[in-house]
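**Q** Give me the fold of what follows.
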Amino acid sequence: MLVEENKPLAPFTTFGIGGPARWFVEAASENEIVEAIGWAREREAPLFVLGGGSNLLVADRGFDGLVLKVGLKGVGASFARDASGQVIYEAGAGADWDAFVERTVQDGCAGIECLAGIPGTVGGTPVQNVGAYGQEVSSSIDRVLAYDLHTGKFVVFLASGCGFAYRRSRFNSLDRGRFIVTRVDYRLTRGGAPTLGYPELQRAIATSVPAGRQPTLVEVAAVVRQVRQSKGMLLVEGDPDCRSAGSFFKNPVVGVGDVRRIAEAGGKEPPRFPAGDDLAGRVKVPAAWLIENAGFSKGLARGAAGISSRHTLALINRGGATAADILALAGEITGAVEARFGITLEMEPVMLGS
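**A** Numbers count the residues shown, from 1 in each chain. Okay, here's the model as predicted:
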């Protein structure tokens, strides 16, 4: 196990922001994960587990502890043991997420095609219950394998035991910091139809695929990447809008009374969509709509920090921004939204060292 000192963390994040880690280890096996944890405990050093860095804002002073990057990258596939005919993919937590999605659609397996183009690694997907364009990973995850820092043992969670909700799981709420995800098993449907319930995706498909023909999974994944790129949410070398953590704010889940108050304050009805079966009677209001109607537009600049020119939800590093710059802009936005609509926006990225 190689322990590096004062390792710059900015290159490991899509923001490109942040100071160094006091110590840094990239673990390529379960044994190295256990060894790194023991090393940190012997020195009473704080521990942070790093995935793909796509949902992370590192403090300018860095992190005075051990950053453990999980590098388990293998992917295997086999038919499910039951009679469903589905395929189980066993993906290491360090495997590149978009490459994994591309493999599954090339294999003709449905279930995560709408999640193409999302940066990061497989291990982060159950933590955030990653979702986009009408799909969430919770609907396709079969089980999650993890190391329990409390008991010192490797454990297995079925999907039903992961506490999935909108952008939440037990791993980032009730048990935050307790488990290190090492592998995620996905149950996908060979020959299944793509999920096309999201209106924006439907419109994009209509302009890309001949009328009357159902798009293939490969085509859907490609269109999703095109849509993401149009919003600056696909990592493209040289694109300044890509230096972000994707959506910086979660879409707030509100009740009927909140919707009425938002409409009165904004002078018009806000767009909204169902919050999910576990939140019956409540709806999600787009955070981007609230931000724009609180006076913030695409392309806004506050020194080296700014808002993406293509998506109001993405705060960007325009070049040389610090974590303090990003947080100052985020605070300005959340304050304005709360003052006008009475809604407190929740930040989506993980803050490290702040």
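
**Q** so what secondary structure elements neighbour the longest helix along the chain?
**A** Using DSSP state H to define each element, the chain has its longest helix at helix 323-341. Applying 3 or more CB pairs under 8 Å, 6 or more residues apart in numbering; DSSP states H and E, one finds that helix 323-341 contacts strand 56-58, helix 256-266, helix 287-292, strand 301-302, strand 305-307, strand 315-317. From N, CA and C alone the C-beta is placed, and that goes for glycine too.

**Q** moving C-terminal of it, what's the next helix or strand?
**A** For helix 323-341, the following helix or strand on the C-terminal side (DSSP states H and E) is strand 350-352.

**Q** buried stuff in that next one?
**A** Of all the residues in strand 350-352, those buried under the rule 16 or more other CB atoms under 10 Å are Val350, Leu352.

**Q** Centre of the chain to that strand, how far?
**A** Computed by CA atoms, centre = their mean, to the nearest Å, the chain-centroid distance of strand 350-352 equals 13 Å.

**Q** partners of that strand in the sheet?
**A** Strand pairing for strand 350-352, using DSSP bridges, gives strand 56-58 (parallel).

**Q** For the helix or strand that the strand it pairs with is followed by, buried residues please.
**A** Using DSSP H and E, the helix or strand that directly follows strand 56-58 along the chain is strand 63-70. Residues of strand 63-70 classed as buried by neighbour count (16+ other CB under 10 Å): Phe63, Gly65, Leu66, Val67, Leu68, Lys69, Val70.

**Q** Show residues contacting strand 63-70.
**A** Strand 63-70 is contacted from outside by 3, 7, 9, 12, 19-27, 33, 36-37, 39-40, 45-51, 93-94, 121, 123, 180-182, 352-353, using CB atoms under 8 Å, 6 or more residues apart in numbering.

**Q** Quick check: longest strand in the chain by residues?
**A** Across the chain, the longest stretch assigned as strand under DSSP state E is strand 179-190.

**Q** Highest mean neighbour count across the helices and strands packed on helix 323-341, which stretch is it?
**A** strand 315-317 (a mean of 28; mean count of other CB atoms under 10 Å).

**Q** lowest-confidence stretch among the helices and strands packed on helix 323-341?
**A** Sorting those by mean pLDDT places helix 256-266 lowest, at a mean of 91.

**Q** which is the next helix or strand following that one?
**A** Next element after helix 256-266 (DSSP H and E): strand 273-274.

**Q** Tell me which other helices or strands that next one touches.
**A** Strand 273-274 packs on strand 283-284, going by 3+ CB pairs under 8 Å, 6+ apart.

**Q** sorry, back to before: so what's the gap between the longest helix of the chain and the chain middle?
**A** Worked out by CA atoms, centre = their mean, helix 323-341 lies 21 Å from the chain centre.

**Q** Let's see which of the contacts of strand 63-70 end up in helices.
**A** Among these, the ones falling in helices (DSSP H) are Ile33, Ala36, Ile37, Trp39, Ala40.

**Q** Just the buried subset of the contacts of strand 63-70, written out for PyMOL, thanks.
**A** Here is the PyMOL selection string for the buried members of those, based on 16+ other CB under 10 Å:
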select buried, resi 7+9+12+19+20+21+22+23+24+25+26+27+33+36+37+39+40+47+48+49+50+51+93+94+121+123+180+181+182+352+353
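
**Q** For Ala211, find the nearest of the helices and strands packed on helix 323-341.
**A** Ala211 lies closest, by CB to CB, to one member of the helices and strands packed on helix 323-341: helix 287-292, at 30.0 Å.
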